[in-house]
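In: how would this look folded up:
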Amino acid sequence: MLDSNVFINNLSYLFNDVLVVTTPFIEEELKSLPSKMDFYRASSMNLHIMLPKREYFEKVKKLSDKTKHKLTNADISIIALSLEFKEKNKNVVLVSDDYSVQDLASRLSIDVLSLTKPKIKEHYEWKRICIACNRETSSDICEICGLRTVYIRKRNE
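Out: Residues are numbered from 1 along each chain as shown. All right, here's what the predicted structure looks like:
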């Protein structure tokens, strides 16, 4: 499974000898002409473009909501398609440099390969805290002091 970073970095040629799959949402993330050209070249050779079944998309979306990861539809779709293939006993490796994608995929026991950055080493979640009193909350505004809250990364113990 190829995430958008493969095409953004013009690295799809690394996968010329294997069957590769992505989703149409990945194409939508490509903004530069070189990345689009890399995508179209790969799709004319060995890249298959598929949509995950809705149930897998919803399962991944639910997990991302729980962990508070900020994922795009493209991110969710590539993880969901990987999960769908995995549950059909297909060999799946999700190629992504996006740490949130890597984190969610690894929580679902999907193998991940990172091409341009180190692979994640630990899981994390996001929590919302008040900028003044540092209390954890689920609201945009602190219920105690009335100031705004922000998301911070919290390491899973």
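In: next up, phi/psi of the most centrally placed residue in the chain, please.
Out: Geometric centre of the chain, nearest residue: Val101, 2.6 Å, by Cα atoms, centre = their mean. Main-chain torsions, Val101, degrees, to the nearest 10: phi -60, psi -50.
In: skip the chain neighbours and tell me the closest residue to it.
Out: Asp75 (5.1 Å; Cβ to Cβ, 6 or more residues apart in numbering). Bear in mind the C-beta positions are built from the backbone N, C-alpha and C, glycine included.
In: in contact with the one you found, which residues?
Out: For Asp75, the contacting residues are 3, 64, 98, 100-101, 104, by Cβ atoms under 8 Å, 6 or more residues apart in numbering.
In: check which helix or strand it maps to.
Out: helix 73-87 (DSSP states H and E).
In: let me see the mean pLDDT of that helix.
Out: Helix 73-87 carries an average pLDDT of 97.
In: ok so, going back, just curious, which of the contacts of Asp75 is nearest to Asn134?
Out: Ser100 (24.0 Å; Cβ to Cβ).
In: against Arg54, how distant is that closest one?
Out: Remark: distance between Ser100 and Arg54 (Cβ to Cβ, to the nearest Å) = 22 Å.
In: next: Leu94.
Out: Going from Leu94 to Arg54 by Cβ to Cβ gives 19 Å.
In: so for the two, which residue has more residues nearby?
Out: Set Leu94 next to Arg54 and count neighbours by other Cβ atoms under 10 Å: Leu94 wins out with 26 against 9.
In: mind checking pLDDT for that one?
Out: Leu94 is given a pLDDT of 97.
In: now do the contacts for it.
Out: Leu94 touches 1, 3, 78-79, 82, 101-102, 105, 110-113, counting by Cβ under 8 Å, 6+ apart.
In: now do 6 Å
Out: Counting by Cβ atoms under 6 Å, 6 or more residues apart in numbering, Leu94 touches 1, 82, 105, 110, 112.
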